[in-house]
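K.L.:
below is the structure, and that's it, no one-letter string:
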């Protein structure tokens, strides 16, 4: 399996994503610059966190117009696995690959902390190694992670089982509607989330609960190719 880690001016979690793929699942991975016009060689695309283009206008707004995003849209249509983390989630919403928007945290402060999440949907390519309803510990680091959508969109997300993660219990750190921490598209091959699983792949980092996101992706890809892994 081959991964692409997109790099925009201002990305700062690209190295974390690259190392997570190497250390968690030992698969091929490349950095891909935002001017790239061909992603056909890759099975999965990671859109990392950071401050793409300085987060001018709106977070992710300028990055959504980068040449590489045309290829991300094509990859999504082809059913390839796409994971947007933090600023990557913002970019995916700006590119209309995921519904809704990320706005300022309700306390207007940057939040950087360990965060408990509930796995709401373990049937995606990104969560198949978790248990339904499992509580996991994944760090957050964001100032604009407050997920917002209108009532019609929220009803659609619920009806299609597109809510992938929620902030557990009463621990919502940013005011997101329905405690939403991550969602998928209708097909389930595109996921965006504010927490950082790439920063939780080894206990020395405080948690290794993010590692199973990467093993899940590999497992889903191997299932497509008739060679699923266990655990």
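P.N.:
Noted; the coordinates are in hand. Being a predicted model, the structure only gives us computed values, none of them experimental.

K.L.:
so for the top helix by length along the chain, what gets flagged as buried?
P.N.:
Of all segments of type helix in the chain, defined using DSSP state H, the longest is helix 211-224. Buried residues in helix 211-224, counted by 16 or more other C-beta atoms under 10 Å: 211-221. Just so you know, the C-beta spots here come from the backbone N, C-alpha and C atoms, and that holds for glycine as well.

K.L.:
now stretch 78-92
P.N.:
Across stretch 78-92, burial judged by 16+ other C-beta under 10 Å covers 80-92.

K.L.:
which ones among those are found in strands?
P.N.:
The strands, defined by DSSP state E, take in 81-85 from these.

K.L.:
can you list the residues you listed in a markdown table and add pLDDT?
P.N.:
Formatted as a markdown table, these follow (pLDDT from 0 to 100):
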| residue | pLDDT |
| --- | --- |
| 81 | 98 |
| 82 | 98 |
| 83 | 98 |
| 84 | 98 |
| 85 | 98 |
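
K.L.:
so which pair among those is furthest apart in space?
P.N.:
Using C-beta to C-beta, those span at most 13.2 Å, a distance reached by 81 and 85.

K.L.:
before we move on, back to that, could you pull up the mean pLDDT of the longest helix of the chain?
P.N.:
Helix 211-224 shows a mean pLDDT of 95.

K.L.:
mind checking the end-to-end distance for stretch 31-39?
P.N.:
In stretch 31-39, first residue to last residue: 11 Å (C-alpha to C-alpha, to the nearest Å).

K.L.:
how far off centre is stretch 152-159?
P.N.:
Distance of stretch 152-159 from the chain centroid (C-alpha atoms, centre = their mean, to the nearest Å) equals 19 Å.

K.L.:
for that stretch, buried residues please.
P.N.:
For stretch 152-159, a neighbour-count test (16+ other C-beta under 10 Å) marks 153-154, 157 as buried.

K.L.:
so where's this protein shaky on pLDDT?
P.N.:
Along the chain, segments meeting pLDDT under 70 span 227-231.

K.L.:
quick one, helices of it?
P.N.:
14-25, 67-77, 87-94, 151-159, 211-224.

K.L.:
for residue 190, find the nearest of these.
P.N.:
Of all those, it is helix 67-77 that lies closest to residue 190, at 5.2 Å by C-beta to C-beta.

K.L.:
can you name every helix or strand that the closest one contacts?
P.N.:
Judged by 3 or more C-beta pairs under 8 Å, 6 or more residues apart in numbering; DSSP states H and E, the packing partners of helix 67-77 are strand 44-47, strand 81-85.

K.L.:
repeat that for 10 Å
P.N.:
strand 2-7, strand 28-33, strand 44-47, strand 81-85, helix 87-94, strand 190-193 (3 or more C-beta pairs under 10 Å, 6 or more residues apart in numbering; DSSP states H and E).

K.L.:
so how many other residues sit close to residue 73?
P.N.:
Residue 73 is flanked by 16 other residues according to other C-beta atoms under 10 Å.

K.L.:
who's in contact with it?
P.N.:
The contact partners of residue 73, taken as C-beta atoms under 10 Å, 6 or more residues apart in numbering, are 64, 82, 95-97, 190.

K.L.:
rewinding a little: which one of the buried residues of helix 211-224 sits closest to residue 196?
P.N.:
For these, the closest approach to residue 196 (C-beta to C-beta) belongs to residue 213, at 10.3 Å.

K.L.:
so that closest one is in contact with residue 207, correct?
P.N.:
No - using C-beta atoms under 10 Å, residue 213 is not in contact with residue 207; the gap is 11.9 Å.
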